[in-house]
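Novice: Sequence and computational prediction follow.
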Amino acid sequence: MLRVDVLTIFPGMFSGPLSESIVARARERGLVEIHVHDIREFTRDKHRVTDDYPFGGGAGMVMKPEPIFAAVEHVMGQVPEPGLVILMSPQGTVFTQDTAARLARERHIVIICGHYEGVDERVREALVDEEISIGDYVLTGGELPAMVVIDAVTRLIPGALDEESVAAESFTSGLLDYPQYTRPREFRGMAVPEVLVSGDHEKVRLWRRKQALARTLERRPDLLAKASLTAEDLRLLDEVRRERGSGTMSTAKPDVEPGSSRMV
């Protein structure tokens, strides 16, 4: 089971997202245990102040180190082994599916939600193991990014979802997902591709793989450049490019054996 401790000055923000859908079911099944702590509870002044003006002047406020240190030390004292301490920060490494998969294998993570102009640098230096950002933009605080991380990590914990669903998702194989259809078979003149109702499982598999390659080529070619592709993938990609008439794709046969892979 994964234990997640969230340190925030706005604990009420988490009640809804952590009580719905897959995260809620994972909690009910005992796959993940999530504790949300109010950093203000670890202050020592009567006004429960968690921020102060920056030394040297400048705009905004900085989160004080004392309550954050006290909060982290409190949660670490509740577990037999120290957990991984993560600071949500726009200065962190951008969160990816690979990061989510790695964190899903941890036993305990502590997430600090920053605010204002950030946290006192001594928090980074002495407490934080890893800084994570969810993209190149700035939010009001680290709460929403923390929820994104918790959701993405929880759904990868074994038992949270069936393995087939996870395997077919975007990014799991390094590609975007293929188009999905459900009933009705025809809707407002738009029919489901015939191959999906053919009953031929091999043709369905090939169609889906080709569509995933085509969609990734169109929308996220950066992913395609990093993906590990099989000889079959390269052949399908050749077909996609020829069909689009781009003329930029080599039609030479792939120089890898079926079942092997290479980076392109």
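Specialist: Right, received. Where do you want to start?
Novice: Settle this for me: residue 52 is touching residue 62, isn't it.
Specialist: Yes. Taking contacts as C-beta atoms under 8 Å, residue 52 lies within contact range of residue 62: 6.4 Å. For glycine as for every other residue, the C-beta is placed from the backbone atoms N, C-alpha and C.
Novice: For stretch 94-111, measure first residue to last.
Specialist: 15 Å (C-alpha to C-alpha, to the nearest Å).
Novice: mind listing what's buried in it?
Specialist: Neighbour counts over stretch 94-111 (16 or more other C-beta atoms under 10 Å) mark 95, 99, 100, 103, 104, 108, 109, 110, 111 as buried.
Novice: Over to stretch 211-222?
Specialist: For stretch 211-222, by 16+ other C-beta under 10 Å, it's 211, 212, 213, 214, 215, 216, 217, 220.
Novice: Just the mean pLDDT for that stretch, thanks.
Specialist: The average pLDDT for stretch 211-222 rounds to 95.
Novice: Send over it as CSV, restricted to the C-alpha atoms.
Specialist: Written as CSV, here are the backbone C-alpha positions of stretch 211-222 (Å, rounded to 0.1, in the frame of the first residue of the first chain):
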residue,chain,number,x,y,z
GLN,A,211,-4.2,4.9,-35.5
ALA,A,212,-2.1,5.4,-32.4
LEU,A,213,1.0,5.9,-34.6
ALA,A,214,-0.9,8.3,-36.9
ARG,A,215,-2.3,10.3,-34.0
THR,A,216,1.1,10.6,-32.3
LEU,A,217,2.7,11.6,-35.5
GLU,A,218,0.1,14.3,-36.0
ARG,A,219,-0.2,15.7,-32.5
ARG,A,220,3.0,14.8,-30.6
PRO,A,221,5.8,13.9,-33.0
ASP,A,222,8.2,14.6,-30.1
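Novice: Contacts made by that stretch with the rest, please.
Specialist: 173, 175-179, 223-224, 227, 233, 236-237, 240-241 (C-beta atoms under 8 Å, 6 or more residues apart in numbering).
Novice: among those, which are in helices?
Specialist: Judged by DSSP state H, these include 223, 224, 233, 236, 237, 240, 241 as members of helices.
Novice: For the fifth one, give me the pLDDT.
Specialist: Residue 237 carries a pLDDT score of 96 in this model.
Novice: residues touching it, list them.
Specialist: Applying C-beta under 8 Å, 6+ apart, the residues near residue 237 are 213, 217, 224, 229, 249.
Novice: Any chance of TSV for those, columns distance to residue 36?
Specialist: Conversion of the contacts of residue 237 to TSV gives the following (distance: C-beta to C-beta, whole Å):
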residue	distance to residue 36
213	41
217	42
224	39
229	42
249	50
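Novice: ok, back up a step: more crowded one of residue 52 and residue 62?
Specialist: residue 62 (21 against 13; other C-beta atoms under 10 Å).
Novice: so who does the more buried one touch?
Specialist: 51, 52, 53, 54, 116, 117, 118, 119, 120.
Novice: Out of those, grab the one that's most surrounded.
Specialist: Counting by other C-beta under 10 Å, top hit in the contacts of residue 62: residue 119 with 24 neighbours.
Novice: residues near the residue lying closest to that residue once chain neighbours are set aside, how many?
Specialist: Of all residues not flanking residue 119 in the chain, residue 63 sits nearest, at 4.4 Å (C-beta to C-beta, 6 or more residues apart in numbering). By other C-beta under 10 Å, 22 other residues sit near residue 63.
Novice: do the one 5 residues further on as well
Specialist: The criterion is other C-beta under 10 Å. On that basis, residue 68 has 23 neighbouring residues.
Novice: Any idea how far the helix or strand that contains it is from the middle of the chain?
Specialist: Residue 68 belongs to helix 65-76 when elements are defined using DSSP states H and E. Taking C-alpha atoms, centre = their mean, to the nearest Å, one finds the center of helix 65-76 at 26 Å from the center of the full chain.
Novice: name the helices or strands packed onto that helix?
Specialist: strand 2-8, strand 32-38, strand 108-113, helix 121-126 (3 or more C-beta pairs under 8 Å, 6 or more residues apart in numbering; DSSP states H and E).
Novice: This completes my enquiry, with thanks.
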